[in-house]
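Student: Any chance you can model this:
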Amino acid sequence: MSTLTARLPFAAVPASRPANPFDISPRQRTLIALVGGAMTLAVLVALVRGLGGIAPDHAAMDHLAIVIHVATVVPAIPLGAYLLLSRKGTKAHKLLGRVWVALMVATALSAIFIKVGGNYSVIHIFVPLTLIASWKLVATARRGDMKGHRKEILSLYLGALTIPGIASMAIPGRLMNVWLLG
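Tutor: Got it, this is the predicted structure:
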């Protein structure tokens, strides 16, 4: 591999050997498919119920930060799963990856303006974690460090997206909980 090629992102595998299009393990693929599918389905049901007038009204929809938060996190769930399960290194993967990181950063930044009773909740620990992991995700991809990139994307998806997502559906009184179960 030439020096120039070695510096290019996604060029860690010599041209004579095709890159593995699914660079996560079968166990990780199964986990991502289950988590991504279940969370996408739950959020879609909640949205249909909430926006369709089936679930009780929720005062959270009067707050711009919450509307932005929901509008950015909802597409991040299936898009992140798609990116983890689809072929890596393509132009589409890179473009959609940029969109996904932008959605995650917007979600985290909007969460700064969401307070419960005037205070931050425990879930707000994911704001700095998301911002740091998003930066690392981009930095590792630009360096061509696909092992580091994979680690960051898995931790960001399974940690900073999934844990608060499950909490938002499980904690009584939260918007997704009311819309999903109310």
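Student: residues of the biggest helix by length in the chain that come out buried?
Tutor: Longest helix in the chain by number of residues (criterion: DSSP state H): helix 26-51. By neighbour count with 16 or more other Cβ atoms under 10 Å, helix 26-51 contains the buried residues 28, 31-32, 35-36, 39-40, 42-43, 45-47, 49-50. For every residue, glycine as well, the C-beta is placed using N, CA and C.
Student: try stretch 146-165
Tutor: Counting neighbours by 16+ other Cβ under 10 Å, stretch 146-165 gives 146, 149-150, 152-153, 156-158, 160-162, 164-165 as buried.
Student: burial count for the closest residue to residue 169 other than its chain neighbours?
Tutor: Once flanking residues are discounted, residue 169 sits nearest to residue 176: 4.8 Å by Cβ to Cβ, 6 or more residues apart in numbering. By other Cβ atoms under 10 Å, 26 other residues sit near residue 176.
Student: residues in contact with the strand or helix carrying residue 176?
Tutor: Counting by DSSP states H and E, the element that carries residue 176 is helix 175-181. Helix 175-181 has contacts (Cβ atoms under 8 Å, 6 or more residues apart in numbering) with 42-43, 45-47, 49-50, 55-56, 58, 60-61, 66, 70, 165, 168-171.
Student: quick revisit: from the buried residues of stretch 146-165, which land in strands?
Tutor: Among the buried residues of stretch 146-165, no member falls in strands (DSSP state E).
Student: if you look at the residues you listed, which of them are in helices?
Tutor: Checking those against DSSP H, those in helices are 146, 149, 150, 152, 153, 162, 164, 165.
Student: for the chain, what are the low-confidence residue spans?
Tutor: 1-22 (pLDDT under 70).
Student: can we see that at 90?
Tutor: 1-25, 89, 115-118, 121, 182 (pLDDT under 90).
Student: ok, residue 49 touching residue 56?
Tutor: No: taking contacts as Cβ atoms under 8 Å, residue 49 lies outside contact range of residue 56: 9.3 Å.
Student: Please enumerate the shared neighbours of those two.
Tutor: By Cβ under 8 Å, 6+ apart, the residues touching both residue 49 and residue 56 are residue 182.
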